[in-house]
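[1] Build the 3D model from these lines:
(one chain, ligands or ions: 2)
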Amino acid sequence: MNILVAGTGYVGTTTALVLADMGWNVTGLDPDAEKIRTLLQGSIPFYEDGLEELLRKHLQQASIRFTTDASEAIRQCDAIFICVGTPPLPDGSVDMRYIRQISEEIGRHADGYRLVIVKSTVPVGTHAKVAEWIRSAQPSPHPFDVASNPEFLREGSALADSFQPDRVVIGADGEEAVQAVRKLYASLNCPFVVTTPRTAEMIKYASNAFLATKISYINELARLCDSLDIDVNEIARGIGLDPRIGALFLRAGIGYGGSCFPKDIAGLLQTARENGARLGLLEEAAEINRTQYLHLLNKARVRLGGFQGKTVAVLGLAFKPDTDDIREAPSLRLIRSLLSENADVRVHDPIAKLPPDLARQPLTSCGTPEEAAQGADAVFLCTEWKAYRHLDWPGIKSAMKQANLFDGRNMMNADHMKAMGFYYQGIGYR
Ligand SMILES: NC(=O)C1=CN([C@@H]2O[C@H](COP(=O)(O)OP(=O)(O)OC[C@H]3O[C@@H](n4cnc5c(N)ncnc54)[C@H](O)[C@@H]3O)[C@@H](O)[C@H]2O)C=CC1
Ligand SMILES: O=C(O)[C@H]1O[C@H](OP(=O)(O)OP(=O)(O)OC[C@H]2O[C@@H](n3ccc(=O)[nH]c3=O)[C@H](O)[C@@H]2O)[C@H](O)[C@@H](O)[C@@H]1O
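    Numbering: from 1, shown residues only. Ligands and ions are numbered 1, 2, ... in the order given. Purely as a prediction, here's the structure:
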């Protein structure tokens, strides 16, 4: 079977490579000529461990190819995975233009039956719209099926999550389409959840919303723990050992970021509004997240007596370690606040770069964490990069003007840092 993967972003590139590794013939399609050129040269246009090796292997074996030519790619395939972006619009609703575009292209160019599988995260009811967009663009009628197959991979562990998923969700109206999607994933050993397309679409949002709520729950508790002088990490451990609660996603910090949680929570809240429902718990989870970084910032402001004329080092830009993704990263909110309060800001990240609007601001991008901390009145840790844990902290302390450490990821051992002479403040942890 020849498989087309539309979209060569995070999800599309990973999906294409995983399917190629499972033995399928795969074509990656993207209108972005620069991305396609990069992929054809054996490089991944973003940072994700392990993908480049897999790409080179499959380019060499000619089991994967990449193109910008939608018409040829759609004519030559049997199944199409839609992995295009679904970014948020200013009101929180989902921008469906790329989904519509690829659906209409499929309608225009498919010259026989196609199995269309939607992997992008899309609002409930999208599969019906995709079918309608395909149908209305067809010059003459051709049969097709649309299945929903949401993606659950995490950036930073995309390959492991794809080869050993917790589950595969397939939403389709007909048994034949279900079996066809199952066949594509035949080599996976995991539970398959087979359901309707609308339910599959909702499972994706419900999953991300639950995880985000779990984080906001522990983050809100962390604020209280700070007032009560209780270590929130111990609370997380104490409750997480109960399998009904589970230990994962209970790490308190300056909040969740990334291209998905904030966008998908906004998307689900918009779906609720459109249907006259209110998801009050989720609204609060989003609000806690929006204000979480302020909790640490306020503590630092009190400690330093304001930021005016103070030098502040921010270590870590990426929304989480092992990725160069800075979308919705809480570090950026923190930096903007520090700049608005006239701090002299110095930043470092092992791989992530500042977004263009911040790169134009009067702040210093440093090549090493040591350079960023030089002469600083405070260091903020915003991403738990492993390398930061093993820095020469005594050396950093002596290079700083005042040894104030604000740990936005509770990644350091508070007692060790204090023993070294740092003033240490984590989130619900000191
Ligand atoms: N990034 C992640 O970790 C995860 C993302 N998702 C969802 O997967 C979808 C894709 O996400 P990302 O890969 O992060 O997006 P992305 O923004 O990195 O990539 C999307 C790609 O689609 C391409 N595209 C746009 N129109 C196209 C068309 N007509 N034909 C072919 N390609 C087209 C764009 O040029 C871009 O390269 C989103 O709905 C997202 O919510 C789901 C799970 C994980
Ligand atoms: O739909 C998506 O795009 C994906 O969104 C998340 O994956 P991702 O955004 O890559 O990263 P996560 O590991 O979930 O982390 C998200 C954010 O939550 C934060 N986080 C995570 C866990 C935790 O305990 N505490 C915490 O603050 C991280 O620092 C990060 O900013 C989900 O985990 C994936 O299952 C899903 O497929």
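
[2] a strand runs through Val169, doesn't it?
    Yes. Under DSSP: H, G, I helix; E, B strand; the rest coil, Val169 falls within a strand.

[3] just checking, it touches Pro150?
    Yes. Here Val169 reaches Pro150: they are 5.6 Å apart, a contact under CB atoms under 8 Å. All C-beta spots, glycine's among them, are computed from the backbone N, C-alpha and C.

[4] Need the overlap of contacts for those two.
    Ala200, Ile203, Lys204 (CB atoms under 8 Å, 6 or more residues apart in numbering).

[5] Quick one, grab the pLDDT at the last one.
    As summarised for this prediction, Lys204 has a pLDDT of 98.

[6] Asp91 too?
    88.

[7] Can you pull the phi/psi pair for it?
    Phi and psi for Asp91, reported as degrees, to the nearest 10, are phi -90, psi 10.

[8] same question, Gly174
    Per degrees, to the nearest 10, the backbone of Gly174 is at phi -120, psi 150.

[9] That one: how many residues sit nearby?
    10 (other CB atoms under 10 Å).

[10] How about Ile239?
    By other CB under 10 Å, neighbour count at Ile239 equals 16.

[11] Can you tell me the closest non-neighbouring residue to it?
    Ile245 (5.0 Å; CB to CB, 6 or more residues apart in numbering).

[12] Look at that neighbour and give its secondary structure.
    Assignment for Ile245 (three-state DSSP): coil.

[13] For ligand 1, see how far away it is.
    Ile245 sits 24 Å away from ligand 1, taking CB to the nearest ligand atom, to the nearest Å as the criterion.

[14] pretty sure Cys83 is touching Ile3, no?
    No. Counting by CB under 8 Å, Cys83 stays clear of Ile3, with 11.5 Å between them.

[15] what sits in contact with each of the two?
    By CB under 8 Å, 6+ apart, no residue touches both Cys83 and Ile3.

[16] Which one's more surrounded, those two?
    Cys83 (27 against 23).

[17] Quick check: which ranges of the stretch 101-250 of the chain have low pLDDT?
    Residues of the stretch 101-250 of the chain meeting the criterion pLDDT under 70: none.

[18] What about His127, how many residues nearby?
    24.

[19] For it, give me its contacts.
    His127 neighbours (CB under 8 Å, 6+ apart): Val118, Val146, Ala147, Ser148, Gly171, Pro197, Arg198, Glu201.

[20] Please apply the same query to Val314.
    Val314 neighbours (CB under 8 Å, 6+ apart): Ser331, Leu334, Ile335, Leu338, Val345, Arg346, Val347, His348, Ala372, Val379, Phe380, Cys382.

[21] looking at these, which has the most residues close by?
    Cys382 (30 neighbours).

[22] was I right about that residue contacting Asp407?
    No. With contact defined as CB under 8 Å, Cys382 does not reach Asp407; the gap is 9.4 Å.

[23] What about whichever residue of the chain sits closest to ligand 1? Give its phi and psi, please.
    Distances between the chain and ligand 1 by CB to the nearest ligand atom are smallest at Gly9, namely 1.9 Å. For Gly9, the backbone dihedrals (degrees, to the nearest 10) come out as phi -80, psi -150.

[24] So for it, what's the pLDDT?
    95.

[25] Quick one: neighbours of it, just the number.
    Neighbour count for Gly9, taken as other CB under 10 Å: 18.

[26] Report the contact partners of it.
    So Gly9 contacts Phe46, Cys83, Val84, Gly85 (CB under 8 Å, 6+ apart).

[27] What's the separation between the last one and ligand 2?
    When CB to the nearest ligand atom is applied, the distance between Gly85 and ligand 2 equals 11 Å.

[28] you'd agree that residue is up against Tyr98?
    Yes. At 5.5 Å, Gly85 and Tyr98 qualify as touching, with contact defined as CB under 8 Å.

[29] any shared contact partners between these two?
    Common neighbours of Gly85 and Tyr98 (CB under 8 Å, 6+ apart) are Gly7, Ser120.

[30] ok, now which ones touch the residue nearest to Phe319 when sequence neighbours are not counted?
    Once flanking residues are discounted, Phe319 sits nearest to Gly257: 3.4 Å by CB to CB, 6+ apart. By CB under 8 Å, 6+ apart, Gly257 lies in contact with Phe319, Lys320, Arg327, Glu328, Ala329, Pro330, Ser331.

[31] can I get those in JSON lines with distance to Ile239 and pLDDT?
    Shown next, in JSON lines, are those (distance: CB to CB, whole Å; pLDDT from 0 to 100):
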{"residue": "Phe319", "distance to Ile239": "25", "pLDDT": "97"}
{"residue": "Lys320", "distance to Ile239": "22", "pLDDT": "96"}
{"residue": "Arg327", "distance to Ile239": "30", "pLDDT": "95"}
{"residue": "Glu328", "distance to Ile239": "27", "pLDDT": "96"}
{"residue": "Ala329", "distance to Ile239": "27", "pLDDT": "98"}
{"residue": "Pro330", "distance to Ile239": "23", "pLDDT": "98"}
{"residue": "Ser331", "distance to Ile239": "28", "pLDDT": "98"}
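
[32] Just those residues: which are in strands?
    Judged by DSSP state E, strands contain none of these.

[33] Among those residues, the buried ones, what's the ChimeraX command?
    The buried residues among these can be selected in ChimeraX (16 or more other CB atoms under 10 Å) with this line:
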select :319,320,327,328,329,330,331
